[in-house]
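>>> missing the sequence, but the structure's below:
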Ligand code: DX5
Ligand code: ZN
């Protein structure tokens, strides 16, 4: 089954509870954390994750776009994240492995994220312990960007490795997913689709979520 993870980056932060309720027919709630260093933008952090946890039972999929996430992963788990993903570009291989171990020790699902220029091979040291691999289909930092179709070979390669080495692992895509591009990523092996603007700009949000399932 294809899962949809609406990104609250496209929500109205002054009405966040209302905007979370609007997407409750989706599977995961995608929370983009940006530190202004790893990416050239600043979004939300720990206190907001804590507050969101109090108003929804949805699975919180926390995408950390921060430098050296090993410093903060335990606190994001304690704040109420269910899934925490870290960028492989954000620290050494050793520290990325440590971050994943900390998330698992908290009883949460861990995953790694690849920026567009990062090759598929970068997940291999971590694949066995991951519950999620996230392939960016835009440069991380902003919503509303154009989908990068040239990420599809990487997505297919990752689907092959996941099926062979860790079939329980989910394969997520993030960036520029709409009712057209959703079909492309599903064909190429993704099973979790993050969508910000295309969900929140829709007239009928539940219908759009259904449409994105392909
Ligand atoms: C970008 C974020 C995305 C973003 C996607 O850095 O990781 O989750 O919200 O937004 P759309 O769906 O508008 O491309
Ligand atoms: Zn994201």
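Nice, thanks for sending it over. As the structure is a prediction and not an experimental result, all values here were calculated from the model. Ligands and ions are numbered 1, 2, ... in the order given.
>>> Shouldn't residue 30 be within a strand?
Yes. The assignment for residue 30 (DSSP: H, G, I helix; E, B strand; the rest coil) places it in a strand.
>>> Just the buried positions in the helix or strand containing residue 63, please.
Residue 63 belongs to strand 59-65 when assigned by DSSP states H and E. Neighbour counts over strand 59-65 (16 or more other CB atoms under 10 Å) mark 59-65 as buried. Backbone N, C-alpha and C define where each C-beta goes, glycine included.
>>> Also stretch 159-171?
Quick answer for stretch 159-171 (16+ other CB under 10 Å): 159, 161-162, 169-171.
>>> now that stretch: how far from the chain's centre is it?
17 Å (CA atoms, centre = their mean, to the nearest Å).
>>> sorry, back to before: residue 113: which of the buried residues of strand 59-65 is nearest?
Distance to residue 113 across those (CB to CB) is lowest for residue 63, with 6.6 Å.
>>> distance of the closest one from residue 7?
8 Å (CB to CB, to the nearest Å).
>>> Likewise for residue 97?
As judged by CB to CB, residue 97 and residue 7 stand 27 Å apart.
>>> what residues are up against whichever residue of the chain sits closest to ligand 2?
The chain approaches ligand 2 most closely through residue 63 (3.8 Å), counting by CB to the ion. Counting by CB atoms under 8 Å, 6 or more residues apart in numbering, residue 63 makes contact with 30-33, 85, 113, 134, 174, 194.
>>> Keep these, but drop any that are not near ligand 1.
30, 32, 174, 194 (CB under 6 Å from any ligand atom).
>>> quick one: the strand holding residue 63 near ligand 1?
Yes. Strand 59-65 comes into contact with ligand 1 (CB under 6 Å from any ligand atom), by way of residue 63.
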